[in-house]
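# fold the stuff below for me.
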Amino acid sequence: MPGIPDRRTRALVALAALAFIWGYNWVIMRVAVHDAPPFQFAAWRTFGGAIALVITALVLRKSLRPQFPAASFWIGFFQTTCFVGLISWAVVTAGAGQVAMLAYTMPLWVSLLAWPLLDERIGMWQGVAIGTACVGVACMVGPLRSIGPAEVAAVLAGLAWAIGIILTKRLQRGAGVDLFGLTMWQMLFGGFVLVIVALVVPAHPTTWNPAYILAIGYNIVFATALAYSLWIFALDVLPARDAGMGTLANPIVAVLAAWIQLGEIPGRLAALGMLLIVAGLAMLTLADRRASR
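Got it, this is the predicted structure:
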């Protein structure tokens, strides 16, 4: 119908919204883990978001039966348990912008995995775009003086997220995947594992103050329930490589927000990295349009 954007346009709009929702959330996470142990915060965020989706399903009279329970569990384990748990732990000792950039090496892992596992071949200009973005990420990671456990955890989080993306795309190649149900169940499974981790790992008590309550609310409603729904929709429409590359705008928002709110000032090399990432995204968009024609 005239005036209604096509699915690809809506998917790109979803990625743009995610850039702000997830990008700013790195600052919120950095503040929140001062008042709560990281795994408890991660458990509240993910399992609370899953419960919000369950309530939404009940209101909309959707089925609560898992469509693909085994696949949903493994997607939730990698995309929710590992990714959210690792970044929440890493951001305790490392800067918000720093952890964001290391975690968002995810598109690079996706590009490497999607070719052999999804047969998403890389054209010449798409390869140039990915290479440009890789150089940008390297510029932002390069200023690190040392690589410690937090930095390793952030990179592993990016790899775990990439595995979750590949599993999701393989599942979506089958007919009739309910995106809302998949989002809800992967989050329930992943959040439940995080609850177990939070109960087992020794930690200091949580300080329930207004700032922490607002952080939990933002994470449950926006950064988890809404954002994961947008992410699954974008994955359903776009190739895994393009969806992954589209998220490279997120850490740029994280770095700028951490600069403004937390005083984490990026150096000249980091600024150059951000420019190269933006250039890579623009080149990828043009390459995809040329390929579609």
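# for residue 253, give its distance to residue 49.
To residue 49, residue 253 is 20 Å away according to C-beta to C-beta, to the nearest Å. Glycine gets a C-beta too; all of them are placed from N, C-alpha and C.
# these two: who's more crowded?
residue 49 (29 against 21; other C-beta atoms under 10 Å).
# counting by contacts, list what the helix or strand where that one lies packs against.
Per DSSP states H and E: residue 49 is located in helix 38-59. Here helix 38-59 touches helix 83-90, helix 179-200, helix 210-218, going by 3 or more C-beta pairs under 8 Å, 6 or more residues apart in numbering; DSSP states H and E.
# out of those helices, flag the one nearest residue 75.
helix 179-200 (4.4 Å; C-beta to C-beta).
# report the angle between that closest one and helix 38-59.
Comparing the axes of helix 179-200 and helix 38-59 via axes from the mean of the first three to the mean of the last three C-alpha atoms, to 10 degrees yields an angle of 150 degrees.
# what lies in contact with helix 179-200?
Outside helix 179-200, the residues that touch it by C-beta atoms under 8 Å, 6 or more residues apart in numbering are 37, 39-40, 42-43, 46-50, 53-54, 57, 62-63, 66-69, 72-73, 75-77, 79-81, 84-85, 164, 168, 171, 224-225, 228-229, 232-233, 236.
# pull out the buried positions in that helix.
Using 16 or more other C-beta atoms under 10 Å as the test for burial, helix 179-200 gives 180-195, 197-198.
# try stretch 267-287
Going by 16+ other C-beta under 10 Å, stretch 267-287 has these buried residues: 270, 272, 273, 274, 276, 277, 278, 280, 281, 283, 284, 287.
# give me the pLDDT for residue 280.
With respect to pLDDT, residue 280 scores 80.
# for residue 84, see how far away it is.
From residue 280 to residue 84 the distance is 26 Å (C-beta to C-beta).
# returning to that earlier point: any chance of the helices and strands packed on helix 38-59 in TSV, plus mean pLDDT and distance to residue 260?
Compiled in TSV, the helices and strands packed on helix 38-59 are given as follows (pLDDT from 0 to 100; distance: least, C-beta to C-beta, whole Å):
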stretch	mean pLDDT	distance to residue 260
helix 83-90	96	20
helix 179-200	94	30
helix 210-218	94	17
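# closest to residue 249 out of these?
That would be helix 83-90 among the helices and strands packed on helix 38-59, by C-beta to C-beta, at 17.2 Å.
# distance from the chain centre to the helix or strand that the closest one is followed by, please.
Using DSSP H and E, the next helix or strand after helix 83-90 towards the C-terminus is helix 96-103. Chain-centre distance of helix 96-103: 12 Å, with C-alpha atoms, centre = their mean, to the nearest Å.
# for helix 96-103, name the packing helices and strands.
helix 7-32, helix 83-90, helix 124-141, helix 149-172, helix 249-257.
# other residues contacting it?
23, 26-27, 29-30, 83, 86-87, 90-91, 137, 140-141, 144, 150-151, 154-155, 157-158, 161, 250-251, 254-255, 257-259, 262, 264, 266, 273.
# switch the helices and strands packed on helix 38-59 over to TSV; also include distance to residue 246.
Shown next, in TSV, are those (distance: least, C-beta to C-beta, whole Å):
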stretch	distance to residue 246
helix 83-90	17
helix 179-200	17
helix 210-218	22
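# nearest to residue 7, of these?
It is, among these and with distance given as C-beta to C-beta, helix 179-200, at 12.0 Å.
# just the buried positions in the helix holding residue 49, please.
Neighbour count says helix 38-59 has 38-54 buried, by 16+ other C-beta under 10 Å.
# how about low-confidence regions in this protein?
Within the chain, the ranges that satisfy pLDDT under 70 run 1-4, 140-147, 175, 241, 285, 288-293.
# out of the buried residues of stretch 267-287, the closest to residue 176 would be?
Using C-beta to C-beta, these come closest to residue 176 at residue 284, 30.0 Å.
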